[in-house]
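A.B. asks: Let's see this in three dimensions:
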Amino acid sequence: MPLTEPVLRALLAAASDRTTGSVVLTKRGTAQNRRGTYGRCKILVNRAGLPAGTHPHTMRHAAITAALDAGAPLRDAQIFARHSDPRITTR
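C.D. replies: Numbers count the residues shown, from 1 in each chain. This is a model prediction of the structure:
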C-alpha cells in the first residue's frame with residue numbers, strides 16, 4: 001500500500017537516523033509494545049478530539065476502507081490487512 005507524504009514524513013521523523021529495528025520507541029528507547037501503543041493512541045485520540053472508542057484497530061479498519069474507496073486494488077488491501085481471504089477485506 002502506498003504511503004501518503006504526511007505518513008511517510010511522520011515515519012521518517014519517528015525513525016530518526018535508525019535504519020533497522022522498531023519505528024516507534026518508548027521514552028527509554030525500547031520497542032513499543034501493544035499495551036503502550038494502545039495507551040499512546042488513547043492520548044492522541046483525546047488530543048485530536050476523535051471519538052473515545054477510537055483505537056488502533058478502528059484506525060486500521062479506516063485505513064483499509066479509505067484505500068479501497070480511493071481505488072486501491074482489493075489484493076493490495078488484502079495483503080496490507082493480512083487477510084487470508086479477500087471476502088474478509090470487503091466486509
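A.B. asks: So, low pLDDT: which residues of this structure?
C.D. replies: In the prediction, the chain carries residues with pLDDT under 70 at positions 1.
A.B. asks: what element comes up after the helix or strand hosting A66 heading to the C-terminus?
C.D. replies: Secondary structure from DSSP states H and E places A66 in helix 56-69. Next along the chain after helix 56-69, taking DSSP H and E as the criterion, comes helix 74-81.
A.B. asks: So for that following helix, what gets flagged as buried?
C.D. replies: 77-78, 81 (16 or more other C-beta atoms under 10 Å). C-beta: built from backbone N, CA, C; applies to glycine.
A.B. asks: Now do the contacts for the residue most central in space within the chain.
C.D. replies: Nearest residue to the geometric centre of the chain (C-alpha atoms, centre = their mean): R60, 5.6 Å. The neighbourhood of R60, defined by C-beta atoms under 8 Å, 6 or more residues apart in numbering, consists of A81.
A.B. asks: Likewise for the one 3 residues further on?
C.D. replies: A63 is in contact with F80, counting by C-beta under 8 Å, 6+ apart.
A.B. asks: Ok, V45 next?
C.D. replies: 51-52, 54-55.
A.B. asks: redo that, cut-off 7 Å
C.D. replies: Applying C-beta atoms under 7 Å, 6 or more residues apart in numbering to V45 gives the contacts T54.
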